[in-house]
Each structure stands twice: as structure tokens, then as C-alpha cells.
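# Test case, fold it:
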Amino acid sequence: MADIPSDLDLVQRVKNGDREAFNLLVLKYQRKVSRLVGRLVRNPDEADDVVQDAFIKAYRALPQFRGDSAFYTWLYRIAVNTAKNHLVSQGKRPISLSELTSNDPDEESFELPVVTTDNNTPEAELMSRQVAEAVNRAVLALPEELRTALSLREIDGLSYEEIAEAMNCPIGTVRSRIFRAREAVAAELRPLLNLSPDRRW
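I've put the predicted structure just below:
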């Protein structure tokens, strides 16, 4: 069985004129980039356009990619910047919580682990649902920079170093944003779970 080419191998092939190699990179990361952009650009049609624009920008900028960071970190940075530029160009206002509420079961939501019981009682299920809704509400209400940093960490699993690269900011800023985002989520959950105000997450 042939070895699966690495991202750097594919990038080098693209630089050598192999456009099919870039299609393989798109196939590999399209879903992740779509989820990332979708969390920033809430209109699905606009988000699709932004994703396409981000990949076009990545293709054009690929000759400058030196491999100092992982390819997907570099790509995420382009996607985040493309989404932010799109929102600015559209003069988008902050989205209200009611607009952010989704009933789409396929939409990925952010959930922090919480202490739950083993009982599958209606009360336990209701509590679980309320906790998930509270977490989503808190995350979606965060300022864009905090929400992006938290999503890249908790949903996409990027390291602090990779997030700093993707968001073009110092690692200390990333740590601060994630801390503030987690505090905001915790503040939403404390009353629901009857936790003390000094509970850390």
C-alpha cells in the first residue's frame, strides 16, 4: 500500500506545478475550515464563499509557505483573516443570541465536560440539555477573538503555539483569551450547577 503523502509533500508538489496535490489538501481540510468559518460567518451561503476565497488565497500564497509552521495552522490563519475581512467589508453587526440559537442537530456545538450522573432519568436528561444550551449560549455570546481562540483549542484541538500562529498574536494573548472565554462559560454554568463562584474550569 502506498504511503499517504504528508502535507509538506503535497505543498512541494503544488509548488512544482501539480494542481491535483492542492485538491488533495482541500479535500483533507475543507470540513475543518468550513466549521471554523461557519463559527465566524453565520450565514451559510456567505460562509461557503469565504471558505472558497480562503482556499484560493492559500493557493496563491503557497509559494511563500516555508514550512515554519504546520500547513493547517497556516491555512487556518488565512481562513480566520478571510472571514474577519469579509465581516468588516459587509459591515456586519454583532449577532443576537436569538439569531445564534440553532435547532440543526448536525451543527457542531461547543461543550465542556461537566460532572453528570449515571442516571438516564428525565431530570438528568433535562439538566444535560440545559447545560449544553448554556455552554453554547455563553460561547456564541463571546467576542469574536475569544470565541475563535476557544474553538481552535477545544473543538479543533490546536496547541497554544498553533493558535498563536493561526491568529497572528503572541502566545500570551492566546492564553489570556482562552482563560477569559472559559471564565465566561463558567459564569454561565455556575448558577445552573449550583457551583461556588470560585470554581475553576
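
# all contacts plus neighbour counts: C-alpha atoms, from now on.
Noted.

# any chance you could map the helices in this protein?
Under the criterion DSSP state H, helices of the chain are mapped to 7-15, 19-40, 44-61, 71-89, 97-100, 122-140, 144-154, 160-167, 171-193.

# Can you flag the weakest of the ones you listed by average pLDDT?
Within those, confidence is poorest for helix 97-100, with a mean of 33 (mean pLDDT).

# which residues touch A181?
If you count contacts by C-alpha atoms under 8 Å, 6 or more residues apart in numbering, A181 has them with 139, 142, 146-147, 150.

# Can you give me the distance of R13 to V139?
39 Å (C-alpha to C-alpha, to the nearest Å).

# likewise R31?
21 Å.

# Of those two, which one has the most company?
Taking other C-alpha atoms under 10 Å, R31 and V139 do not tie; V139 has more neighbours (24 against 12).

# List the contacts of I171.
So I171 contacts 160-161, 163-164 (C-alpha under 8 Å, 6+ apart).

# D18: which of these is nearest?
Comparing those against D18 with C-alpha to C-alpha places I163 closest, at 29.2 Å.

# Counting neighbours, what do you get for that closest one?
Around I163 there are 27 residues (other C-alpha under 10 Å).

# so it makes contact with L152?
Yes - I163 lies in contact with L152 (C-alpha atoms under 8 Å); the separation is 6.7 Å.

# Please state the backbone phi and psi of N43?
phi -80, psi 120 (degrees, to the nearest 10).
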